[in-house]
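> Got a predicted structure plus its sequence, pasted below:
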Amino acid sequence: MATTPSARKLTPFHVRTKDLKKDTATLFIRIHTRKIDVLVSTMLQVEVSEWLRATASPAAWLRHQKKNYQFHAKLTQIEGIVKAHLDKTNFDREALDMDVRYISEPEKVEAERRAKEEAAEAKRKEQAKKEAAKEKARKRAEEKKRIEEEKNRLIWPFLIQFVDDIKSGARKIGSDDYAPGTVKAWKSFIGVYEGFDPMHQFGWADINRAFVTRYINYLQKHGYMAKVVNKHLTNLKALINVAFTDGVHDNQRAASLIVKKKIEDRDKAVEIYLTEEELQALYEMPLTGKKEHIRDVFLIGCYTCQRVSDYNNLNADNFETTRKGTRIIRLVQQKTKTEVTIPILNENLITIITVR
């Protein structure tokens, strides 16, 4: 290695010419080889006048070394570092400068190292936090998707939502709201279906011939008459069709498997009804208050053969007399929006409506 030492060749370190008039200056070491010619800063500061006196003679240099032992120890280390880098196949100026800094200002370099490590650690934590938040969001999205898929897979949650929607008006028939009586019938169906599927485990894909048979057997086991069984089968079929139209399931065969039970004579034989004599006895029964009101509402239903949603609001204005003298009731059915004319076959009905 060829270097440019001080005038008396006591040391390869020197103060640059342009710094000689300064009070303090940085020491440099010149590296000059066939391929390399660089000036390396030691990062060490000296008083210029003192440095010039120290390098004026060997004796002065020796005194300076003894007086500034630690300072010269750093110079020796730096000189050794320079030689080590020159011995390498590839000279790395940045690596040399860093090694020199480790010797000249170790506290500062260590502080910078710690700061970099802390910054890197903070960045790593921030990245980890972002990744955790991203993962949490992903899992939340997956869970939401799973819940939605589970919700769509099962019959029960769709039934509950369907009934809530027709009750609130969120779901309509065309542009019309569902009639109160229809909503009430669907609410009743909820109780029936939950009895059949108490664990809410059946999905749309489970609807097959065995499922329908099991449902019918459940209804019959609990004493439902054939007409009522058919009513609940109709509700189930309607629910299947609505869910299919909404794209909730793709079980195309499900609705076709719902077939109403044929009403046999033996089924008609077990139907419960009251005779005219029994209705008259009920009419004449001395009742007051709420019991009288309930009895009268029941009789109105019997005498008009209308839905409860239609006869509940009957008043004197609904009663008319035809040209032939026939007493009739005229009303518009809430469910079908159809106007109907009902002949009055029992004068008790007029008394209940107009007097009681």
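That came through fine. Residues are numbered from 1 along each chain as shown.

> going forward, measure contacts and count neighbours with C-alpha atoms only.
Noted.

> where along the stretch 101-250 of the chain do the helices fall?
106-153, 155-168, 180-196, 209-221, 226-245 (DSSP state H, counting those that start in this stretch).

> want to throw these into CSV with distance to Ile300, mean pLDDT and mean neighbour count?
Converted to CSV, the helices of the stretch 101-250 of the chain look like this (distance: least, Cα to Cα, whole Å; pLDDT from 0 to 100; neighbours: other Cα atoms under 10 Å):
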stretch, distance to Ile300, mean pLDDT, mean neighbour count
helix 106-153, 43, 88, 13
helix 155-168, 27, 94, 17
helix 180-196, 17, 93, 16
helix 209-221, 29, 95, 15
helix 226-245, 22, 94, 18
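
> how about CSV for these, with distance to Asp310 added?
Converted to CSV, the helices of the stretch 101-250 of the chain look like this (distance: least, Cα to Cα, whole Å):
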stretch, distance to Asp310
helix 106-153, 36
helix 155-168, 18
helix 180-196, 9
helix 209-221, 28
helix 226-245, 19
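
> mind checking which of the ones you listed is nearest Ile352?
Nearest to Ile352, of all the helices of the stretch 101-250 of the chain, is helix 180-196, at 22.8 Å by Cα to Cα.

> Just the CA coordinates for the closest one, please, in CSV.
The C-alpha coordinates for helix 180-196 follow below in CSV (Å, rounded to 0.1, in the frame of the first residue of the first chain):
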residue,chain,number,x,y,z
PRO,A,180,-102.7,-9.2,8.1
GLY,A,181,-104.4,-12.6,7.9
THR,A,182,-101.7,-14.0,5.7
VAL,A,183,-99.0,-12.7,8.0
LYS,A,184,-100.8,-14.3,10.9
ALA,A,185,-101.0,-17.6,9.0
TRP,A,186,-97.2,-17.5,8.3
LYS,A,187,-96.5,-16.8,12.0
SER,A,188,-98.5,-19.9,12.8
PHE,A,189,-96.5,-21.9,10.2
ILE,A,190,-93.3,-20.8,12.0
GLY,A,191,-94.5,-22.6,15.2
VAL,A,192,-95.4,-25.7,13.2
TYR,A,193,-92.2,-25.9,11.3
GLU,A,194,-90.1,-25.3,14.4
GLY,A,195,-91.8,-28.3,16.0
PHE,A,196,-90.7,-30.4,13.1
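
> and that helix, how far from the chain's centre?
Relative to its chain's centre, helix 180-196 lies at 30 Å (Cα atoms, centre = their mean, to the nearest Å).

> what's next to that helix, contact-wise?
156, 159-160, 163, 166-167, 200, 215, 218, 232, 235, 308-309, 335 (Cα atoms under 8 Å, 6 or more residues apart in numbering).

> Quick check: of these, which lies closest to Arg327?
Val308 (21.0 Å).

> my read: the closest one touches Gly301, true?
Yes: the pair Val308 / Gly301 is scored as a contact, 6.7 Å apart, by Cα atoms under 8 Å.

> in the helix or strand containing Tyr303, what counts as buried?
Assigned by DSSP states H and E, Tyr303 belongs to helix 289-304. By 16 or more other Cα atoms under 10 Å, the buried positions in helix 289-304 come out as Asp296, Phe298, Leu299, Ile300, Gly301, Tyr303, Thr304.

> got it, and stretch 195-205?
Applying 16+ other Cα under 10 Å to stretch 195-205 flags Phe196, Phe202, Gly203, Trp204 as buried.

> Does Leu314 lie in a helix or a strand, and which?
Using DSSP H and E, no helix or strand contains Leu314.

> roughly how far is stretch 313-323 from the heart of the chain?
With Cα atoms, centre = their mean, you get 57 Å for stretch 313-323.

> do stretch 187-204 as well
26 Å.

> is it true that Leu154 touches Ile207?
No: between Leu154 and Ile207 there is no contact under Cα under 8 Å: 10.7 Å.

> which ones are touching the closest residue to Thr55 other than its chain neighbours?
Nearest non-adjacent residue to Thr55, counting by Cα to Cα, 6 or more residues apart in numbering: Trp61, 5.5 Å away. With contact taken as Cα under 8 Å, 6+ apart, Trp61 is in contact with Leu10, Ala54, Thr55.

> And those residues, which is closest to Glu150?
Of the contacts of Trp61, the one sitting nearest to Glu150 (Cα to Cα) turns out to be Leu10, at 86.6 Å.

> The closest one: neighbour count?
15 (other Cα atoms under 10 Å).

> how far away is it from Pro58?
Distance, Leu10 to Pro58, using Cα to Cα, to the nearest Å: 7 Å.

> hey, which strand is longest across this protein?
The longest strand of the chain (DSSP state E) is strand 37-47.

> That one packs against which elements?
strand 24-32, helix 93-104 (3 or more Cα pairs under 8 Å, 6 or more residues apart in numbering; DSSP states H and E).
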